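A.B. asks: here is my input; please provide its structure:
(chains A, B, C and D)
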Protein chains: 2
Amino acid sequence: MAMTRIGIVADTREATSGIPGLLRKGGIAVEMKRLDVGDYVIAQYAVERKTARDFITSLYTGRLFDQADRIAKSYKNFLLVVEGETQETLAGLKNPRVYWGTILALALNLDFKIFFTFDQEQTADLLYVLAKRVYRRRTATKPLLARKPRMGTTSDWQLAIVEGLPTIGPKLAERLLASLGSVRNIFRASRLELALMGRIGHARAKQIQELLDARYRRDISEQARLG
Amino acid sequence: MAMTRIGIVADTREATSGIPGLLRKGGIAVEMKRLDVGDYVIAQYAVERKTARDFITSLYTGRLFDQADRIAKSYKNFLLVVEGETQETLAGLKNPRVYWGTILALALNLDFKIFFTFDQEQTADLLYVLAKRVYRRRTATKPLLARKPRMGTTSDWQLAIVEGLPTIGPKLAERLLASLGSVRNIFRASRLELALMGRIGHARAKQIQELLDARYRRDISEQARLG
DNA sequence: ATAGCCGGGTGGTGA
DNA sequence: TCACCACCCGGCTAT
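C.D. replies: Purely as a prediction, here's the structure:
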């Protein structure tokens, strides 16, 4: 099976920035291409890199918003990376509030994600992590779940597992285990047994029973990822 | 003037930060209140202010994500303001990529809006501009705290429960559920069934089986606590 | 809900 | 079968 290669497409003008080199050193395949929008493309993400000075001066020319508008229409996920000493440049401004207004407009109205890096190395790190994240198959946001016990005792594990059940917290988990004796007994119990012997309410028992018996099926997002 | 007063609600703990004073000097009405989450509330926006040092250190403790989880569930529009010299603190990190990974997770997965300010004055400027923006376009009055309901899907719960088992992570949880069909089938399975039908190794199967069948007893620390 | 590292489990290989 | 070993995977840890 052909492993999916972690890859980034970089605009040809970024060749001299040193960033493609840093990415390759991290084991990422970088393809140089002429991009019509953005400087880097990672799967569904487009990344525009701007130096702090360019960014600040472009606040006044309005050029930024022309680009921003075009970009927002083309890409659903757009990341703006501002690279360099923002504070220094910002300090020279007569009216700093213009800066915050622009940042807010980009973030709230156009839904841009803005990141601040100090130098090319940090920008490369950001792109590296983004690429890793994109290509890593990972289950989406999980329900609130008690963390696994760090090298804990048996009863820690037992409690953690039972607490994983919906609507079951530490108190109920303790009571269930004390009543039914083992994790297996709890997960084997019928709705009625949960309610009576486990001494929990009918609503909770029903909810738990339905989840235990639910037929597993990959959800949509994961199907898409697995092709 | 009978204009609608531009107002910000600030948490009482922010009283000593100097920011409410700066805002009032800018002609903004600041009301001090005990907020359950966040430090400032401006119409539908909740703002959490965090010092750079707190932000960086909280990457490791997980405290950040505990708060983030609560917040993301409660507010539709959430702004995170990181105040101070981020670079200095970031330079002390052994693995800077953790920082970028966290930033990306917050921005892309939780849809947080993250802003970086240098000091209280800049934070006040940011809040000032945000307040002006919000009240300039007085569209239909939105609820102060827009709820964002987001419940996990059934398969999320199933995976989370199975991942609670020792030595079982996302990959193996998926395999087990796909093979055995339901959570109950997994927890009902014998060691042999886990190994063969669940397609995991004998060592893991043994460890799981032993935990499932272990008789529950409070451990030492808890016994001591309960007297 | 991070990323990196490490120790141990798995399963395939060849003898 | 068995010993070996390369990869995969989950869990710990970081400041």
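A.B. asks: and the helix or strand where A:Gln122 lies, anywhere near chain B?
C.D. replies: Using DSSP states H and E, A:Gln122 sits within helix A:120-135. Yes: using CB under 8 Å from any CB of the partner chain, helix A:120-135 comes into contact with chain B via A:122, A:125-126, A:128-130, A:133. C-betas here are computed from N, CA, C, even on glycine.
A.B. asks: got the domain boundaries for chain A?
C.D. replies: Per automatic domain parsing, the domain ranges recorded for chain A read A:2-136, A:154-213.
A.B. asks: of the ones you listed, which stretch is the most buried?
C.D. replies: Of all those, domain A:154-213 carries the top mean neighbour count, a mean of 18, counting by mean count of other CB atoms under 10 Å in any protein chain shown.
A.B. asks: quick one, what contacts the closest residue to A:Tyr99 other than its chain neighbours?
C.D. replies: Nearest residue to A:Tyr99 in three dimensions, chain neighbours excluded: A:Leu90, at 5.8 Å (CB to CB, 6 or more residues apart in numbering or on different chains). Residues near A:Leu90 by CB atoms under 8 Å, 6 or more residues apart in numbering or on different chains: A:56, A:96, A:99, B:118.
A.B. asks: pick out the residue of chain A closest to DNA strand C.
C.D. replies: A:Val129 (4.0 Å; CB to the nearest atom of the strand).
A.B. asks: give the contact list for that residue.
C.D. replies: Per CB under 8 Å, 6+ apart, neighbours of A:Val129: B:97, B:100-101, B:104.
A.B. asks: now do it against B:Ala107, distance only.
C.D. replies: As judged by CB to CB, to the nearest Å, A:Val129 and B:Ala107 stand 12 Å apart.
A.B. asks: and A:Lys76, what are its phi and psi?
C.D. replies: Backbone torsions of A:Lys76, given as degrees, to the nearest 10, read phi -70, psi -40.
A.B. asks: distance of the residue lying closest to it once chain neighbours are set aside relative to A:Arg70?
C.D. replies: Excluding its sequence neighbours, the residue lying closest to A:Lys76 (CB to CB, 6+ apart) is A:Gln44, at 6.5 Å. Separation of A:Gln44 from A:Arg70 (CB to CB): 17 Å.
A.B. asks: what does A:Leu211 give?
C.D. replies: According to CB to CB, A:Leu211 stands 47 Å off from A:Arg70.
A.B. asks: and the pLDDT at A:Lys94?
C.D. replies: What the model reports as pLDDT for A:Lys94 is 83.
A.B. asks: what values do phi and psi take at it?
C.D. replies: Torsion angles, degrees, to the nearest 10, at A:Lys94: phi -70, psi -40.
A.B. asks: is it true that A:Met32 lies in a strand?
C.D. replies: Yes: judged by DSSP: H, G, I helix; E, B strand; the rest coil, A:Met32 forms part of a strand.
A.B. asks: isn't it up against A:Thr16?
C.D. replies: No: with contact defined as CB atoms under 8 Å, A:Met32 does not reach A:Thr16; the gap is 11.2 Å.
A.B. asks: need the contact list for the residue most central in space within chain A.
C.D. replies: For chain A, A:Arg133 is the residue whose C-alpha lies nearest the centre (CA atoms, centre = their mean; 7.4 Å). Residues counted as contacts of A:Arg133 (CB under 8 Å, 6+ apart) are B:101, B:104-105, B:108.
A.B. asks: quick check: it vs B:Lys171, distance?
C.D. replies: In this structure, A:Arg133 and B:Lys171 are 17 Å apart, going by CB to CB.
A.B. asks: for B:Glu88, see how far away A:Leu180 is.
C.D. replies: Taking CB to CB, one finds A:Leu180 at 54 Å from B:Glu88.
A.B. asks: same question for A:Ile28.
C.D. replies: In this view, A:Ile28 and B:Glu88 are 28 Å apart by CB to CB.
A.B. asks: now do the helices in chain A.
C.D. replies: A:19-25, A:52-61, A:63-74, A:86-91, A:96-104, A:120-135, A:154-163, A:170-180, A:183-188, A:191-196, A:202-213, A:220-226 (DSSP state H).
A.B. asks: shaky segments in chain A?
C.D. replies: A:1-5, A:137-147, A:151, A:219-227 (pLDDT under 70).
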